[in-house]
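Engineer: Got a sequence here, can you model it:
(2 chains)
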Amino acid sequence: MAKGLPKRSEDYSLWYNELVKKADLAEHSSVRGCMVIKPYGFSIWEKMQAALDKMFKDTGHSNAYFPLFVPKNLFEAEEKNAEGFAKECAVVTHYRLKNDPDNKGKLIVDPDAKLEEELVVRPTSEAVIWSTYKNWIQSYRDLPLLINQWANVVRWEMRTRLFLRTAEFLWQEGHTAHATKNEAVDETKQMLEVYADFAEKHMALPVLKGVKSESERFAGALDTYCIEALMQDGKALQAGTSHFLGQNFAKAFDVKFAGKDGKEDFVWGTSWGVSTRLMGALIMAHSDDEGLVLPPKLAPIQVVIVPIFKGEEQLNAVSEVAHKLRKELLTDDISVKFDDRDTSSPGWKFAEYELKGVPVRVAIGPRDLENGTVEIARRDTKEKKVMPITEASGYIKQLMTDIQENIYSRALNFRTDNTTEVDTYEEFKKVLDTKAGFVMAHWDGTSETENRIKEETKATIRCIPLNFKEEAGKCIYSGNKSEGRVVFARAY
RNA sequence: CGGGGCGUAGCGCAGUCCGGUUAGCGUACCUGGUUUGGGACCAGGGGGUCGCAGGUUCGAAUCCUGCCGCCCCGACCA
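Structural biologist: Okay, the predicted model is just below:
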């Protein structure tokens, strides 16, 4: 076990918190509920950003940037959206401080600098963006408008957790406008596919695609599509959402366009986002009691070379071999760190890089020099192999793919093992309390039933799966008729 | 917002009940030396307004009053 890292089986929550801190991903800041993302953590986020950004651009989107502040009157415009977020908004009321006349060296808010209209710190940007789109869109020729922004948003959450729920978080939010309903629906679904693809191919995280029930829907949307992932403790995590907004925001902000036929109509909208919460998903899905396990595609360092040496002479000899291997790997676009610091021991470095989730570790020592070998260890299985140096780079290159696939299939197997079909409410509760995970059950389609189940068991409908199977049955709660199973789980 | 906990060196903590040497331990850090195939060892060294503000006392990290902050569990939420 890594030094000081609690075991998952003993306290999953504590394990997670400690891992985030010990692996140098993030720490609590001096501001309640806000975190500092440290360089190592941020470089993982940057890799996620880069991959997602490319996927957005490949699907025709462009980046732009809109302001952090939303004047209150704009924020109010789409009533449901405003109502949904009102309880968690930070609000700017003043624009100046001044010296406290009664307390030298201290500042107070200058009462004379009160804003005529308060500014809401964006919890999401629909309001600012749609008020801008009004000016950008006149004709069908201006459509579709496909914009994404990378930004920070603030939601004054009562209880926060590093990455999973912080008062301020980083995300991207796509906001698109279309001439027809179908086109907007297609966009909504397309972006859900992009997210699912990203989660599975890059994060090695299998996700369920589905639609939210009415009560879980984004405030102001007609439909919310989502990807849902399963964490190692059996709890679900919403990893991304894509909303079909209908004409709600177009109507609220009066965004109309002239069609080919000369008729005016409101545009159709979508919005979609993923956040630094993905970091939480990544950490919780794959890591173990030794520390992080990162998929090669997102690992800031993919391979670390640790030299074992006594004295400068040996270090030089080992370095020569190490540099050569490093160069070979770099030409294959594999990022390599050669840690030749003589300030900590090899054993210390082994543990450190395991904690940080580096997928492959290469150790080279005098013994290897003699035999023309290296020792290669993979993080996901902890398997170690000694092999001729000549075969190392080919093997490592293959490992990049193997590890990526292995942790994906491990997560997929876990999900399969922890997805249970139940037919009675008794069974349902029993599964939740004994193994948790996704529970597939019949539901009568009403919010009343959904709410009661939530109150009694804390489980919510994660989604109505996109691959919904028509299957006549009875709702586990009400006994009323149901047309198929939906996905329940306790969630983060 | 309810419940619990914490605030003492960069980090992790003890000391607080029962006031009394120079506030201590682990780790990290600095110096020197020996080490290096799974978190090395020895010796020496630096680092503290004990969360803040008042009060009690000859004397406060310790007792009293007030305040502030953070964390965890729950309700709410991405």
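Engineer: Quickly list the domain ranges of chain A.
Structural biologist: Domain ranges of chain A: A:12-69+A:124-286, A:301-398, A:422-489, per automatic domain parsing.
Engineer: can you list the residues of the stretch 101-250 of chain A near RNA strand B?
Structural biologist: Within reach of RNA strand B by CB under 7 Å from any atom of the strand, the stretch 101-250 of chain A has these residues: A:155, A:157-162, A:164-167, A:169, A:216, A:218-219, A:238, A:241. To be clear about C-beta, it is placed using only N, CA and C from the backbone, and glycine gets the same treatment.
Engineer: Filter the residues you listed down to just the buried residues.
Structural biologist: Applying a neighbour-count criterion of 16 or more other CB atoms under 10 Å, the buried members of those are A:155, A:160-162, A:164-167, A:169, A:216, A:218-219, A:238, A:241.
Engineer: from the chain's centre, how far out does the helix or strand bottoming out on mean pLDDT in chain A sit?
Structural biologist: Least confident helix or strand, chain A: strand A:107-109 with a mean of 82, by mean pLDDT, DSSP states H and E. In terms of CA atoms, centre = their mean, to the nearest Å, the centre of strand A:107-109 is set 38 Å apart from its chain centre.
Engineer: what's near enough to touch residue A:442?
Structural biologist: Counting by CB atoms under 8 Å, 6 or more residues apart in numbering, residue A:442 touches A:423, A:471, A:473-476, A:482, A:484-486.
Engineer: Just give me the closest of the residues you listed to residue A:282.
Structural biologist: The closest of the contacts of residue A:442 to residue A:282 turns out to be residue A:486 (CB to CB; 26.2 Å).
Engineer: Tell me where the stretch 1-150 of chain A is predicted with low confidence.
Structural biologist: Across the stretch 1-150 of chain A, the ranges flagged by pLDDT under 70 are A:1-3, A:104-105.
Engineer: Which residue ranges of it form helices?
Structural biologist: Secondary structure of the stretch 1-150 of chain A (DSSP state H, counting those that start in this stretch): helices at A:12-22, A:39-58, A:72-76, A:79-86, A:126-136.
Engineer: Adding mean neighbour count and distance to residue A:389, write those helices out as TSV.
Structural biologist: TSV is the format used below for the helices of the stretch 1-150 of chain A (neighbours: other CB atoms under 10 Å; distance: least, CB to CB, whole Å):
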stretch	mean neighbour count	distance to residue A:389
helix A:12-22	18	33
helix A:39-58	16	29
helix A:72-76	18	62
helix A:79-86	17	58
helix A:126-136	21	55
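Engineer: Residue A:206: which of the ones you listed is closest?
Structural biologist: Taking CB to CB as the criterion, helix A:39-58 is the member of the helices of the stretch 1-150 of chain A that comes nearest to residue A:206, at 16.9 Å.
Engineer: Summarise which helices and strands that closest one is packed against.
Structural biologist: With contacts taken as 3 or more CB pairs under 8 Å, 6 or more residues apart in numbering; DSSP states H and E, helix A:39-58 sits against strand A:145-154, strand A:168-178, helix A:181-201, helix A:277-286.
Engineer: so of the ones you listed, which one's packed in deepest?
Structural biologist: helix A:277-286 (a mean of 25; mean count of other CB atoms under 10 Å).
Engineer: quick one: average confidence on the helix or strand following it?
Structural biologist: The helix or strand immediately downstream of helix A:277-286 is strand A:303-307, counting by DSSP states H and E. Here strand A:303-307 scores 97 as its mean pLDDT.
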